[in-house]
Structures are given as structure tokens and as C-alpha cells.
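> the following comprises the amino acid sequence and a computationally predicted model.
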Amino acid sequence: MKKVRKAVIPVAGLGTRFLPATKAMPKEMLTVVDRPVVQYAVDEALEAGIEHIVFVTGRNKHVIEDYFDVQPELLDTLTRSGKTDQLQSLNRLQPQPGTISFTRQQAPHGLGHAVWCARDIVGDEPFALLLPDMVSYGERGCLSGVMDLYRETGGNVIAVEQCDPMDTGSYGIVGKGDSTGSGFVITGMVEKPAPEAAPSNYYINGRYVLQPDIFDVLSNQRRGAGNEIQLTDAMVRLSDIQKFYASPFEGRMFDCGSKDGFIQANVAFALIRDDIRDMVLDPIEQLIASRRRHIQAA
């Protein structure tokens, strides 16, 4: 069993659901409290033992490269101003030289195509995949659990959560087989099935460990939903010859690619921060109470 050293983070999406905010700024740079969404994915990967991050970028994403680069002018200003806390915080976030790579997805052909674009950097070894829109919230990052199960089973591992059985039509759903270690065997994968046709209510939540064979499958994968090369379609084909396992996540994923998920994430992460919890809790409670009175009066 090969160690998982690299993680792929696709950041080439256009972020149309957040227009006009994302007209000139990548959606991955929108902040949850005071950190860009993409920083949460990187932190989660490093927590899980990842050694090298591969970003798959697109046009107008140069600010992401700048964000992970050294900014001598800013560091010098903070040093001369005596802002040591902020300086130390930035230094902790700064990646070590040679631990981050960038490659370009030159056209929006789908998630499967974005993953395929990282093939030469990943090479012939298993890798993690983190969708940065999905922000992990819990005692430990979601990918850590996926890595734990991978070390038990090998193969391919996908993180899952349970949804309302009536909402399966909004997700990629997996079939639940025999339990193994901290997860279970996946018996099938279906994209957005109707509730009556869904094999379970476990949905794929954006964290994976995949074998490099997925690149060969993606190289000739036909276009699927949305006329795009879909990763799920390629995983279904790969599952004919390799095992897939599911790692249930006991925390919660916030979909920060949607407005409601993004707002919920900001509230959730603000409320666990000792430095700002008290400043936001009372106003939030007051706003909720005011809204309820308004609804009752109407």
C-alpha cells in the first residue's frame, strides 16, 4: 500500500452562484470569518498528513497563487509595526518551498477533466482530492478519517454523509455494503437519483483518496451531465476493477459554493472562536428573535 503524499484541489470553477462578488475575485478566496475558503481545504489536507498540494487553476485565478506566495512588503510592514501576532499567524500559514504546485485547466470541461489535468504532477501514486467549496467542520478534518480508512483497506476511499432520504436527488449517492473498519464497502454510485431509486441516503461530500488508475479512465471518459467529464462516471467505471470504500464523516460539511451554506459556515466558525464569539452571538440571537416576531405579526 502506497502512502498518500499529494492532494489535488481544483480551483478553476467560475463561481457563478456568487456573482457579482466573484466577477473579479475567485470564489475560493471568499472568506469564512477571516480565512479564504481555500485555506480551510489546505489546512485539512496538512492535518491529514499530506505533503504536497496540487492546485488546478483556471483563468483569473492568479490571486490564489499570490496568496500562497511570500509577500515581503507585508511581512516587513507587520515587523516594523510590532504586529507580532499577525506576523506569526501568516508565517504559520506559509507553505514550505516546493510543497505547492499549480497546473492549468484551460477550459471548463468538468471536475473529472480538472482532476485529469493534475496527472503528471501526481504521477503513479494514490492521491487525495479535496473540493474546496466543501468546508469541513468538526473535531478533526474529514480527510483525516478518509486517510484512516485508507490505511485499513487500501483501494479508493470516499467520504460520505447522510442526507434526508427525500433529498437524494441533489447528491451523488453510494450504495452501502458490508462494514469494514471505520467505514463500509461501496456497492454502487448513482448521480442524483430519485428517492425511490436511491440505493441509500449516503451522499458523496467532496473528500476522496483515489488510485492513479483514475487518470487512465478519465483520459477516455465520455462527457456526462452538463456535457462535462464527470468524476463520478469515471469512478463507476473504475469500480468494476477496484474496490471503493466509504468513510462516514461524523462532523459536518458546509457547501460554501452555495449562499446558504456559505452564511451557515461563517456563523458556525464564528461561534467557535473565543475572540469573537461573544461579539456575534447576541446580535445573531437578536436578529433571529426580531425575524420571528416579524413572521408572527405577518
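Received the coordinates, thanks. Please read all numbers here as calculations on a predicted model, not as lab measurements. Numbers count the residues shown, from 1 in each chain.
> could you check how far the residue lying closest to Arg140 once chain neighbours are set aside is from Val160?
Spatial nearest neighbour of Arg140, chain neighbours left out: Glu47 (7.0 Å); criterion: C-beta to C-beta, 6 or more residues apart in numbering. C-beta here means a position set from N, CA and C on the backbone, and glycine is covered the same way. Using C-beta to C-beta, to the nearest Å, one obtains 19 Å as the distance from Glu47 to Val160.
> higher neighbour count, those two?
Val160 (28 against 14; other C-beta atoms under 10 Å).
> contacts for the helix or strand containing the more buried one?
Using DSSP states H and E, Val160 sits in strand 156-162. For strand 156-162, contacts defined as C-beta atoms under 8 Å, 6 or more residues apart in numbering pick out 142-143, 145-146, 149-150, 174, 183, 186, 201-211, 214, 235, 238-239, 242-249, 252-253.
> can I have the buried ones of the residues you listed as a ChimeraX selection?
For the buried members of these, the matching ChimeraX selection, counting by 16 or more other C-beta atoms under 10 Å, is:
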select :142,143,145,146,149,150,174,183,186,201,202,203,204,205,206,207,208,209,210,211,214,235,238,239,243,244,245,246,247,248,249,253
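> quick one: pLDDT of Lys61?
Looking at Lys61, its pLDDT reads 87.
> tell me who's in contact with Phe55.
9-11, 64-65, 100-103.
> go on, Pro132?
Contacts of Pro132 (C-beta under 8 Å, 6+ apart): 9-11, 28, 37-38, 40-41.
> distance from stretch 138-147 to the middle of the chain?
12 Å (C-alpha atoms, centre = their mean, to the nearest Å).
> ends of that stretch, how far apart?
16 Å (C-alpha to C-alpha, to the nearest Å).
> let's see which of the contacts of strand 156-162 end up in helices.
Residues from the contacts of strand 156-162 lying in helices, with DSSP state H as the criterion: 142-143, 145-146, 149-150, 214, 235, 238.
> out of those, the closest to Asp124 would be?
Ile214 (11.7 Å; C-beta to C-beta).
> you'd agree the closest one is up against Val236?
No. Using C-beta atoms under 8 Å, Ile214 makes no contact with Val236, being 11.2 Å away.
> quick one: pLDDT of Met147?
pLDDT recorded at Met147 is 97.
> quick check: phi and psi on Leu14?
Backbone geometry at Leu14, expressed as degrees, to the nearest 10, gives phi -80, psi -20.
> same check on the one 4 residues further on?
The main-chain torsion angles of Phe18 are listed as degrees, to the nearest 10 and equal phi -110, psi 20.
> what sits against it?
27, 30, 257, 259, 262.
> just the buried ones from the contacts of Phe55?
If we count by 16+ other C-beta under 10 Å, the contacts of Phe55 have these buried: 9-11, 64, 100-103.
> rewinding a little: so which of the contacts of Phe18 are in helices?
259, 262.
> give me the buried subset of the contacts of Phe18.
Counted by 16+ other C-beta under 10 Å, the contacts of Phe18 give 27, 30, 257, 262 as buried.
> need the residues you listed in CSV with distance to Pro195, can you?
CSV is the format used below for these (distance: C-beta to C-beta, whole Å):
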residue, distance to Pro195
Lys27, 30
Leu30, 32
Gly257, 23
Phe262, 27
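> okay, now the domains of this structure?
6-257, 259-298 (automatic domain parsing).
> OK, contacts around the spatially closest residue to Ile241 that is not a sequence neighbour?
Leaving aside its sequence neighbours, Ile241 sits nearest to Asp213 (C-beta to C-beta, 6+ apart; 7.8 Å). Shown in contact with Asp213 (C-beta under 8 Å, 6+ apart): 238, 241-242.
> quick one: the strand holding Val160 to chain centroid distance?
Distance, centroid of strand 156-162 to centroid of chain: 12 Å (C-alpha atoms, centre = their mean).
> one more: stretch 22-41?
Worked out by C-alpha atoms, centre = their mean, stretch 22-41 lies 12 Å from the chain centre.
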